[in-house]
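Q: sequence first, then the predicted structure, then my questions.
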Amino acid sequence: MVDLERLLAAHQTVRSDLLAETNPSGHWTGCLSSSALSTATAVSALAIYRQQVGSLTLQDENASRIAETPTDAQQDEIGRTIIAGLRYLAEQQNEDGGWGDTDRSQSNLATTMLARSAFQLTGVPSDRAELVERADAYIAKAGGVRGLRKRYGKDKSFAVPILMNCALAGLVRWRDVSALPFEVASMPRSWFRLLRLPVVSYAIPALIAVGFARFRHAPPINPLLRWIRKACVRKSFDLLEKMQPASGGYLEATPLTSFVVMSLASTGKSEHIVAERGVEFLLKSMRPDGSWPIDTNLATWVTSLSVNALGEAGQTCPTESLPWLLECQQVEEHPYTEAKAGGWAWTDLSGGVPDVDDTSGALLALPKYERAQAELAADNDATELVEQVGILTAAKRGLGWLLEIQNSDGGWPTFCRGWGKLPFDRSGTDLTAHAIRALNAWSRRLSELPFDSSDERAEFGVLMYAAIERGMNYLEEQQREDGSWAPLWFGNEQAEDQRNYVYGTSRVLLAYRDLGRLNRPAARRGFDWLLATQDLGGGWGGGGRKIEKGKMQGESSVEETALALSALFADPLLDRNEAMQHLVSKGLAWLIDAVEEDHHHRAAAIGLYFAKLWYHEALYPLTFTVSALAQAVAKYAPESVPGLESLTASEPANREPSDSPNTEPSRPVSPVAPG
């Protein structure tokens, strides 16, 4: 049922296209979608900043650094940037009057309120009456302030900054903006997780800046509380400055940086070094079309995805990117989250923060470089040895970092262990499955890692085994009744609750595959769910075969189809069940068609950034498709790609865990029994 000629051609196409996306240094940068939300916040921040610095004089008490006040030329640059941003926003308004996060996203209340504020703050509404009227109608229909609060629930990380932006534009009352306890920034950072803050760990800069703005624009009535909060301003600002990276962009994220800049500028702090650096970041990161992305890039993340996908395809990855990836590893405690050394961030830029998903991806990618080095450095043993040592040292650090951050529930969070239960701080199934795969891959090579003693190696192996078992227990506990798993960092706007169960389920099943536990009931339910949710046309992502009366079938995506197939190819029942073979071959045919029609270059908006912010990334469909088609070739025509047959044979079989870990110091500790 599989057309091998078309399969091999599609496989070759996507591999070549992915390799063509490398930089001269051999790594990948990718391209994040432009964001109407990011653009709106940047325009608002620059407009408020420009208005404030334009009013500074030598007599102003706040102009202590007047020598650095923007010149007329700099003011003009800011003005041109604002106009370009407004032009982009005007072009992105949807027919319903609202704005979506990307050019492929549905309208949502948060982005529309921010876009509306941008036009109001720049004095443009009178020139675009129809645009504003349609936006106001959409906001009213979506519930306004009440609707926004409902969207974010107890999490104030994004709701409060949005309302603050609207208050600065005069569109909502300041009493609608909740007060944020910025004074806690004067306390030890280790206390934060105990304070049950209303914001997530990544939003501390917003907590400080937006909380301060709310305090200045709507001070509390209680004089004692006013005195206490005022006394904490300096310490809070010290932390704000300490957390700001060299680039000026907090997390390299436009929205977060914009909220900080507009907060400071609106309170007379335009001359503060944090505001100035933030403005420089915004000016440098605007794109030629007048837009801003949600983040500068995901270079480390997409490089790991690419290397791992090519490794599955039996393709040698660009070895010149190895030093780059090793340099991306954090070697010191990070000032933003105080995370220990050893992790990787999503980008190589200064605003990146180490996290579980990127650390796991890098750890899985490092062995792929070893294979490439072995091929290219066969005649240079010294060079190979040096790079081998670098990989092993980096792996040990990364594994230790993962073990340190595992939560008490057995799962892995994004940035910080045990911070809280708000989104992006709690454990996630996709993160946990990724971490388990990374730990499992290196547990088989524990004897090669650089330890000071055999006892230390044995102890480390026991910790890895225990972490994997706790993680697998967490995954089984998080499986939904229908057999699926919900991820943290990816979504689907077509789903009723906008969660991407195809992504979550596929990623978790790969952990079961790597550990040889595909005969577990949880894995079986996951495979059955994937098969049951295949779209009518053969792909995944459009809502499945069960369509409600009067509701249109959603559009399948290349990314979700490739992810589902990658998991299904591992199903041990596939070779014995004709009905399953038919469904899988139908999905494979859909993916091959997509490649032949060049749809693997059209990314779907399935990425879910902080605070329900959607994005698409140009390399996602490429990397996921390379991986899926490589597995298809390995299954149906492994002899056609040199090295692929042996690569596939080295994957773990369907094995169950041993009763106890192997702790003999002379042998690698593995969480699964040999053979």
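A: Yep, that arrived. Residues are numbered from 1 along each chain as shown.
Q: what residues are up against Pro255?
A: Leu37, Ser38, Thr41, Pro161, Ile294, Phe610, Leu613 (C-beta atoms under 8 Å, 6 or more residues apart in numbering). Where you see a C-beta, it was placed from the backbone N, CA and C, and this is true even at glycine.
Q: narrow these to those in helices?
A: Leu37, Ser38, Thr41, Pro161 (DSSP state H).
Q: may I ask which two of these are separated the most?
A: Ser38 and Pro161 (12.8 Å; C-beta to C-beta).
Q: if you count surrounding residues, which of the two has more?
A: Ser38 (33 against 29; other C-beta atoms under 10 Å).
Q: for the helix or strand where Asp357 lies, buried residues please.
A: Here Asp357 sits within helix 356-376, counting by DSSP states H and E. In terms of neighbour count (16 or more other C-beta atoms under 10 Å), helix 356-376 has its buried residues at 356-373.
Q: tell me where the stretch 301-450 of the chain has helices.
A: 322-327, 356-376, 381-405, 429-443 (DSSP state H, counting those that start in this stretch).
Q: where do the domain boundaries of the chain fall?
A: 4-32+297-649, 35-293 (automatic domain parsing).
Q: which of the ones in helices among the contacts of Pro255 scores worst on pLDDT?
A: Within the ones in helices among the contacts of Pro255, the minimum per-residue pLDDT falls on Pro161 (94).
Q: need the contact list for the closest residue to that residue other than its chain neighbours.
A: Nearest residue to Pro161, sequence neighbours excluded (C-beta to C-beta, 6 or more residues apart in numbering): Phe259, at 4.2 Å. Each residue near Phe259 by C-beta under 8 Å, 6+ apart is listed here: Thr41, Ala45, Pro161, Met164, Asn165, Ala206, Ala209, Val210.
Q: CA atoms of the strand or helix carrying Ile204 as CSV?
A: For Ile204, the host element (DSSP H and E) is helix 204-217. Only the C-alpha atoms of helix 204-217 are listed here, as CSV (Å, rounded to 0.1, in the frame of the first residue of the first chain):
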residue,chain,number,x,y,z
ILE,A,204,9.1,38.5,37.3
PRO,A,205,10.2,41.5,35.2
ALA,A,206,6.5,42.2,34.4
LEU,A,207,5.6,41.7,38.1
ILE,A,208,8.1,44.5,39.0
ALA,A,209,7.6,47.0,36.2
VAL,A,210,3.8,46.6,35.7
GLY,A,211,3.3,46.4,39.5
PHE,A,212,5.3,49.7,39.9
ALA,A,213,3.3,51.4,37.1
ARG,A,214,0.0,50.4,38.8
PHE,A,215,1.4,51.7,42.1
ARG,A,216,2.3,55.1,40.6
HIS,A,217,-0.9,55.6,38.5
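Q: okay, now Cys232: neighbour count?
A: Considering only other C-beta under 10 Å, Cys232 is surrounded by 20 other residues.
Q: ok, it to Gly587 distance?
A: Applying C-beta to C-beta, to the nearest Å, the value for Cys232 to Gly587 is 57 Å.
Q: surely Ile592 and Arg6 touch.
A: Yes. Taking contacts as C-beta atoms under 8 Å, Ile592 lies within contact range of Arg6: 5.3 Å.
Q: so which of those two has more stuff around it?
A: Ile592 (21 against 15).
Q: one step back: list the contacts of the helix holding Ile204.
A: Taking C-beta under 8 Å, 6+ apart as the rule, helix 204-217 contacts 157, 160-161, 164, 167-168, 174, 177-185, 192, 197, 199, 229, 233, 236-237, 239-240, 243-244, 250, 256, 259-260, 262-264, 266-267, 274.
Q: now it, how far from the centre of its chain.
A: 25 Å (C-alpha atoms, centre = their mean, to the nearest Å).
Q: average model confidence for it?
A: Mean predicted lDDT for helix 204-217 stands at 93.
Q: just for this structure, where's the confidence low?
A: Residues of the chain meeting the criterion pLDDT under 70: 54-74, 125-127, 186-201, 313, 371-389, 418-424, 547-552, 611, 641-675.
Q: let's see that with 50 instead.
A: Low-confidence segments of the chain, defined by pLDDT under 50: 56-69, 379, 382, 385-386, 645-655, 657-675.
Q: do a quick rundown of the strands in it.
A: 34-35, 292-293, 607-609, 613-615 (DSSP state E).
Q: output the contacting helices and strands for the second one.
A: So that's strand 292-293. Using 3 or more C-beta pairs under 8 Å, 6 or more residues apart in numbering; DSSP states H and E, the elements in contact with strand 292-293 are strand 34-35, helix 36-54, helix 273-285.
Q: contact partners of the last one?
A: If I follow you right, that is helix 273-285. Contacts for helix 273-285 (C-beta under 8 Å, 6+ apart): 42, 45-46, 49, 68, 77-78, 81, 209, 237, 240-241, 244, 247-250, 254, 257-258, 260-261, 264-265, 269-270, 292-293, 296.
Q: show me which of those residues are buried.
A: Buried, going by 16+ other C-beta under 10 Å: 42, 45-46, 49, 78, 81, 209, 237, 240, 244, 247-250, 254, 257-258, 260-261, 264-265, 269-270, 292-293, 296, out of these.
Q: so which residues of the stretch 451-600 of the chain form helices?
A: Counting by DSSP H, counting those that start in this stretch, the helices of the stretch 451-600 of the chain are 454-478, 501-514, 521-532, 558-568, 578-596.
Q: by how many degrees do the second one and helix 521-532 diverge?
A: Which is helix 501-514. Helix 501-514 runs at 140 degrees relative to helix 521-532, counting by axes from the mean of the first three to the mean of the last three C-alpha atoms, to 10 degrees.
Q: okay, Arg287 and Ala231: tell me how far apart.
A: 42 Å.
Q: when those two are compared, which one has more neighbours?
A: Arg287 (14 against 11).
Q: what's near enough to touch the more buried one?
A: Contacts of Arg287 by C-beta under 8 Å, 6+ apart are Ser34, Pro293.
Q: look up how far Ser38 lies from it.
A: 10 Å.
Q: returning to what we had before: any chance of the helices of the stretch 301-450 of the chain in JSON lines, plus distance to Ile139?
A: JSON lines is the format used below for the helices of the stretch 301-450 of the chain (distance: least, C-beta to C-beta, whole Å):
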{"stretch": "helix 322-327", "distance to Ile139": "45"}
{"stretch": "helix 356-376", "distance to Ile139": "34"}
{"stretch": "helix 381-405", "distance to Ile139": "40"}
{"stretch": "helix 429-443", "distance to Ile139": "33"}
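Q: closest to Gly314 out of those helices?
A: Nearest of these (C-beta to C-beta): helix 356-376, 9.4 Å.
Q: ok now the closest one, how far from the chain's centre?
A: For helix 356-376, the distance to the chain centre is 20 Å (C-alpha atoms, centre = their mean).
Q: now the angle from that helix to helix 429-443?
A: Going by the same axes, to 10 degrees, helix 356-376 makes 40 degrees with helix 429-443.
Q: tell me which other helices or strands helix 356-376 touches.
A: So helix 356-376, by 3+ C-beta pairs under 8 Å, 6+ apart, packs with helix 299-312, helix 322-327, helix 381-405, helix 429-443.
Q: swap in 6 Å and give it another go.
A: Here helix 356-376 touches helix 299-312, helix 381-405, helix 429-443, going by 3 or more C-beta pairs under 6 Å, 6 or more residues apart in numbering; DSSP states H and E.
Q: understood, closing this out.
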